[in-house]
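>>> make a model of this:
(one chain, ligands or ions: 1)
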Amino acid sequence: MSLPSSPVRDEIRAIAPYNAGLTIEEVRRRYAVTEIAKLGSNENPLGPAPALRHLFSDIGELARLYPDPEGRALRVRLALDFAVSADRVVLGNGSEDLIAVLCRTILRPGDVMATLYPSFPLHEDYAVLMGGRVERVAVTADLDVDMEALIAAARRKPRLLMLSNPMNPVGAWLTSSRLAALLSAIDPETVLVVDEAYAEYADGADCPSAVALLEGSDLSWAVLRTFSKAYGLAGLRIGYGIVSDAALTGFLDRSRTPFNTNAIAQAAALVALEDRDHLRRSVELAVGERERLRAALAVLGFRIAPSLGNFLFFGGEEESGALAERLLAKGVIVKPWKQPGFERFLRVSIGAPRENDQFLGALKAVTGR
Ligand code: PMP
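Below you'll find the predicted structure:
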């Protein structure tokens, strides 16, 4: 008697497992190296603001009770920063949770989700999971956003247009004039999601948040942010969205799980927002080290994309999986890109100077450049 095929939806079979890379412990165990540079996940080498240590020494009540399902205190605080009402702020278990919640809320089977390519894989994956069809707008030959193609895609009225700015994994970005041109091409039937996970690193550059430009437009939209990157709280899982209107917040609230953000993460995010100096130090370190690494990679002859993020996307002749494997053996974790057309590219996160030096030394050693 043959077994029935497992009852799993085709949409789940179609998506690749998320590649979170190896943990530090796993690299130590497999490769017997002690000094590790973890540069595959765009984390903050400085970690969270120092004030958070007090929070963790007094964690009992936070852990015992259910969190506020509304995350009221944090939403009120974030609303102040963005000059919106608190009923236009949604919280997520990381911003990836909000990407899933938005896809679940908006996409019907067969709907088009247009996005930039190469993409943050979860943008595509959650759309596919809902039965959506992904339309990719590939970067130009010089690894910049293809504005003409993006505007043409917007004019085709996808149900969802979701893109990151600055763009992961490439690092390219939409200037204010590009953003304005894009917004004027979007139909009100399209929901726009701008994922600004790396916006803090773009401070001072012509890469504005979409929130101000979208205010007053007749579009439905969400702008996503995270505490995982510049705030150094990746392990606590908390992100947020500013959305166009309170009605949309209400629908997203129905679509998320009631306690999607935990009490410790909510409290930590509030503390993190108060330490502007730590944020500034984190951004300055990333920007300074990014430009140092860019110059060093250029000397070694790699192609490097322009980047306003805390990472660089670079490529050479070698297939990226093989190169990443050889770097792992030297204790360096980077992210090899696998999407078609970009198999010779890797994304390296900007770490502490010691980690960046380890990365450069290992890269020279394994490529002989
Ligand atoms: N969006 C983008 C563009 C990202 O690069 C990431 C993390 N790699 C996320 C969202 C998810 O971040 P988190 O869930 O940690 O907030």
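
>>> excluding residues flanking it in the chain, which one is nearest residue 317?
Closest residue in space to residue 317, ignoring its immediate chain neighbours: residue 344 at 6.7 Å, by C-beta to C-beta, 6 or more residues apart in numbering. Where you see a C-beta, it was placed from the backbone N, CA and C, and this is true even at glycine.

>>> one more: residue 76?
Nearest non-adjacent residue to residue 76, counting by C-beta to C-beta, 6+ apart: residue 86, 4.7 Å away.

>>> ok, now which ones touch the residue nearest to residue 317?
Contacts for residue 344 (C-beta atoms under 8 Å, 6 or more residues apart in numbering) come out as 315-320.

>>> inside helices: which ones of the residues you listed?
Mapping the contacts of residue 344 onto helices (DSSP state H) picks out residue 320.

>>> top of the contacts of residue 344 by neighbour count?
residue 320 (21 neighbours; other C-beta atoms under 10 Å).

>>> tally of neighbours for residue 285?
18.

>>> for residue 79, same thing?
The local packing of residue 79 (other C-beta under 10 Å) involves 17 other residues.

>>> and the nearest residue to residue 301 once chain neighbours are set aside, how far is that from the ligand?
Ranked by C-beta to C-beta, 6+ apart and with sequence neighbours excluded, the top spatial neighbour of residue 301 is residue 369, at 6.2 Å. To the ligand, residue 369 is 28 Å away according to C-beta to the nearest ligand atom, to the nearest Å.

>>> what's the neighbour count on residue 369?
Counted with other C-beta under 10 Å, residue 369 comes out at 12.

>>> quick one: contacts for the residue of the stretch 51-200 of the chain found nearest the ligand?
Relative to the ligand, the nearest point of the stretch 51-200 of the chain is residue 94 (2.5 Å; C-beta to the nearest ligand atom). Contact analysis of residue 94 by C-beta under 8 Å, 6+ apart lists 226, 228, 237-239.

>>> in contact with the closest residue to residue 31 other than its chain neighbours, which residues?
Counting by C-beta to C-beta, 6+ apart, the nearest residue to residue 31 once its immediate chain neighbours are dropped is residue 329, at 5.0 Å. Contacts for residue 329 (C-beta under 8 Å, 6+ apart) come out as 31, 33, 366.

>>> check residue 44 too.
Residues 229-232, 234, 282, 286, 310 are the ones in contact with residue 44 under the rule C-beta under 8 Å, 6+ apart.

>>> and which of those is nearest the ligand?
The nearest member of the contacts of residue 44 to the ligand, counting by C-beta to the nearest ligand atom, is residue 234 at 5.5 Å.

>>> which SSE is the closest residue to the closest one other than its chain neighbours in?
With C-beta to C-beta, 6+ apart as the criterion, residue 234 has its nearest non-adjacent residue at 3.9 Å, and that residue is residue 228. Assigned by DSSP states H and E, residue 228 belongs to neither a helix nor a strand.

>>> distance of residue 228 relative to residue 323?
Residue 228 sits 26 Å away from residue 323, taking C-beta to C-beta, to the nearest Å as the criterion.

>>> residue 144 contacts residue 172, doesn't it?
Yes: shown here, residue 144 and residue 172 form a contact pair, counting by C-beta atoms under 8 Å, at 5.0 Å.

>>> what do these two both touch?
Shared contacts of residue 144 and residue 172, defined by C-beta under 8 Å, 6+ apart, comprise 305-306.

>>> now stretch 348-361: buried residues?
For stretch 348-361, burial by neighbour count (16 or more other C-beta atoms under 10 Å) applies to 348-351, 355-360.

>>> cool, and stretch 143-162?
143-147, 149-151, 153-154, 158-162.

>>> and for stretch 82-97?
Residues of stretch 82-97 classed as buried by neighbour count (16+ other C-beta under 10 Å): 82, 84, 86-97.

>>> what average pLDDT does it get?
The predicted model assigns stretch 82-97 a mean pLDDT of 98.

>>> centre of the chain to it, how far?
Put simply, stretch 82-97 sits 15 Å off its chain's centre (C-alpha atoms, centre = their mean, to the nearest Å).

>>> quick one: end-to-end distance for that stretch.
21 Å (C-alpha to C-alpha, to the nearest Å).

>>> ok, the closest residue to residue 187 other than its chain neighbours - contacts?
Leaving aside its chain neighbours, residue 187 sits nearest to residue 157 (4.5 Å; criterion: C-beta to C-beta, 6+ apart). Residue 157 is in contact with 187, 189-190, counting by C-beta under 8 Å, 6+ apart.

>>> which SSE is residue 313 in?
Counting by DSSP H and E, residue 313 is found in strand 311-315.

>>> and the residue of the stretch 251-369 of the chain nearest the ligand?
Using C-beta to the nearest ligand atom, the single residue of the stretch 251-369 of the chain nearest to the ligand is residue 309, 8.1 Å away.

>>> now that residue. Nearest residue, chain neighbours left out?
Closest residue to residue 309 in three dimensions, ignoring its sequence neighbours and counting by C-beta to C-beta, 6+ apart: residue 198, at 4.0 Å.

>>> can I assume the one you found is in contact with residue 170?
No: Residue 198 lies out of contact with residue 170 (C-beta under 8 Å); the separation is 11.1 Å.

>>> quick one: the residue nearest the centre of the chain from residue 123, how far?
Residue closest to the average C-alpha location in the chain (C-alpha atoms, centre = their mean): residue 197, at 4.7 Å. Residue 197 sits 11 Å away from residue 123, going by C-beta to C-beta.

>>> helices and strands around the strand or helix carrying residue 125, which ones?
Here residue 125 sits within helix 121-129, counting by DSSP H and E. Applying 3 or more C-beta pairs under 8 Å, 6 or more residues apart in numbering; DSSP states H and E, we find helix 121-129 packed against helix 10-14, helix 95-106, strand 112-117, strand 133-138, strand 160-164.
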